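Asks: Sequence first, predicted coordinates after that:
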Amino acid sequence: RLQDDSDLRLCNLYTREIIDIPAPVERDGAFASYPAWSPDGQQITWSASYETGEHVLITYDLASNESRVLVDDLLPSYPRPQVLWGESGIVVVIENRSDEEGRVAPLYSPTGELLADDLSNHIYFALYAWVTDDTGKEYLARYTNSAFGDLVDPETGIIYFAQGIEMYSPLAPDGLIVTVTTNSEQTQALVELPDGETFTVSDLDNDALSDFVPFFYFEPRNISIAPTGDAFAIFSLTQFIWRDGTMTDVPENIPAADGTGVIWGPSAYRIQGELLSPAG
């Protein structure tokens, strides 16, 4: 969690210890992205912009308790950049509405080396996610406002298509999965249980979920799978938990206007079905 849009605050979920991480650059008017964890869970990265015109990428190492500026020449972005850390590197999704050429998604190594100038092709996409195929190869999935779009190979820049993307818990890869389905009328979250049963979240008997959309515009995902793989949580006006066929409203929730998503455990994403031939 970012404090005052500058420093980072961590909470150890086992000990409840709070760790405050000062930003390595002390400036007024900080505007920071949501933080992202490294694949091994030992580092965190986020971007920060300052009134001085500086736009930087920062990393923090839990073992050494040190933070540092990894990249000091990011382009300005509005709204907040999306920062994603995968095995292929760290991608920073920059959206500059005043300049189409400012729509870029550079890829950096964990040491700050520029690996690719742009994985967005200067095209607007609302959300991105690292996904893998059945061999473990990683691609960058690009989403429109609420639906899956295409895949980019970070090594070659070639664009592919797939049937869909599955969200699952890496702690329970054989548990339930959530996919996004889109038809001419509605975008839905389709849940598939290990026994093959499927249902959409909007079909559940709850008025607050009748128009549930899988993603918030420019915000973290508002659905998260339990580490056990047998339940999931949703944020939609309030918070709900589905388990054993029952959706329960979580009491004493934060006001809906203050909520931007829900996280229960780590989420991972994989390609559904076969990877289709390159686009175009």
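Replies: Arrived safely. Residues are numbered from 1 along each chain as shown.
Asks: Q82 versus S33, what's the distance?
Replies: Distance from S33 to Q82, counting by C-beta to C-beta, to the nearest Å: 7 Å. Where C-beta positions appear, they are placed from N, C-alpha and C, glycine not excepted.
Asks: Pull up the overlap in contacts between the two.
Replies: Common contacts of S33 and Q82, defined by C-beta atoms under 8 Å, 6 or more residues apart in numbering, comprise V92.
Asks: Over to the closest residue to Y269 other than its chain neighbours. Which of the three states is it?
Replies: Among residues not flanking Y269 along the chain, V131 sits closest, at 4.2 Å (C-beta to C-beta, 6 or more residues apart in numbering). Secondary structure assignment for V131 (DSSP: H, G, I helix; E, B strand; the rest coil): strand.
Asks: who does the host helix or strand of S224 pair up with?
Replies: Per DSSP states H and E, S224 falls inside strand 223-225. Next to strand 223-225 in the sheet, as set by DSSP bridges, lie strand 231-236 (antiparallel).
Asks: Could you tell me how far the strand holding S224 lies from the centre of the chain?
Replies: From the chain centre to the centre of strand 223-225 is a distance of 12 Å (C-alpha atoms, centre = their mean, to the nearest Å).
Asks: follow-up on the earlier one: enumerate every residue touching the residue nearest to Y269.
Replies: V131 makes contact with E138, Y139, L140, A141, L151, I165, Y269, R270, I271, according to C-beta under 8 Å, 6+ apart.
Asks: Same check on Y108?
Replies: Counted by C-beta under 8 Å, 6+ apart, Y108 has contacts L57, L70, V71, G89, I90, V91, V92, L114, L115.
Asks: tally of neighbours for the last one?
Replies: So that's L115. By other C-beta atoms under 10 Å, 15 other residues sit near L115.
Asks: nearest residue to it other than its sequence neighbours?
Replies: That would be L107: by C-beta to C-beta, 6+ apart, it lies 4.5 Å from L115.
Asks: how close does the one you found get to E155?
Replies: Computed as C-beta to C-beta, the L107 to E155 distance reads 10 Å.
Asks: Touching both of these two, which residues are there?
Replies: Common neighbours of L107 and E155 (C-beta under 8 Å, 6+ apart) are S88.
Asks: of those two, who's got more company?
Replies: Counted by other C-beta under 10 Å, L107 and E155 do not tie: L107 has more neighbours, with 23 against 13.
Asks: what's the distance between that one and L57?
Replies: On the measure of C-beta to C-beta, L107 and L57 end up 12 Å apart.
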